[in-house]
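Visitor: 3D, please:
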Amino acid sequence: MEGIKMGTMYTEQFMLQVAKAGLKARTYTEVAKQYGVSKECVRKWTKLYSQYGDLAFEKHGIEKHKDQEIAELKKKVADLEEVYETRQDAIDDIYEYIWSYYNRFRLHSTNGYRTPEEVYSGKAAA
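Guide: Residues are numbered from 1 along each chain as shown. Now for the predicted structure:
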């Protein structure tokens, strides 16, 4: 697979190809050997592809998806008088979103590109 890498970076097409192979393969090790990447890369790319589809590897694709979520939340908060009876209700809703979704399910580099949910439940990296 020479010519796929761009310096130390991989092309979007290559990561997408590896991620799709990761979904079909029995183990990430098989895919890692086939494409000459680490098992961790296969696991991370497969997870990103599962979460974001084709946007996962587009330049700023994930950020675009997250920006849409944040924009929806901001719009909801902007109409406080119509959506929430009190400011505390709005704060509670934002807090719930952050702790029930955003912080639990987004990948963290400090956790080895695992979600906090995986880390706290003791799931080992695939």
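Visitor: looks like G22 contacts R43 (just checking).
Guide: Yes - contact status for G22 versus R43: in contact at 7.2 Å, counting by CB atoms under 8 Å. Every residue, glycine included, has its C-beta placed from N, CA and C.
Visitor: give me the common contacts of the two.
Guide: When contacts are counted by CB atoms under 8 Å, 6 or more residues apart in numbering, G22 and R43 are jointly contacted by Y28.
Visitor: of these two, who's got more company?
Guide: More neighbours surround G22 than the other of G22 and R43, with 25 against 20 (other CB atoms under 10 Å).
Visitor: look at the more buried one and report its pLDDT.
Guide: Per-residue pLDDT puts G22 at 93.
Visitor: same question, R114
Guide: 76.
Visitor: same question, A125
Guide: Confidence score, pLDDT, at A125: 50.
Visitor: same question for I70.
Guide: As predicted, I70 sits at a pLDDT of 74.
Visitor: run a quick neighbour tally on it.
Guide: Per other CB under 10 Å, the neighbour tally for I70 reads 13.
Visitor: make residue 1 into 52 and carry on from there
Guide: Okay, residue one is now 52; in that scheme the one you just asked about reads as I121.
Visitor: element containing it, please.
Guide: Secondary structure from DSSP states H and E places I121 in helix 112-129.
Visitor: G73 too?
Guide: helix 63-75.
Visitor: so what does the helix or strand immediately after that helix in the chain touch, helix or strand wise?
Guide: On the C-terminal side of helix 63-75, the nearest following helix or strand under DSSP H and E is helix 79-86. Applying 3 or more CB pairs under 8 Å, 6 or more residues apart in numbering; DSSP states H and E, one finds that helix 79-86 makes contact with helix 63-75, helix 90-103.
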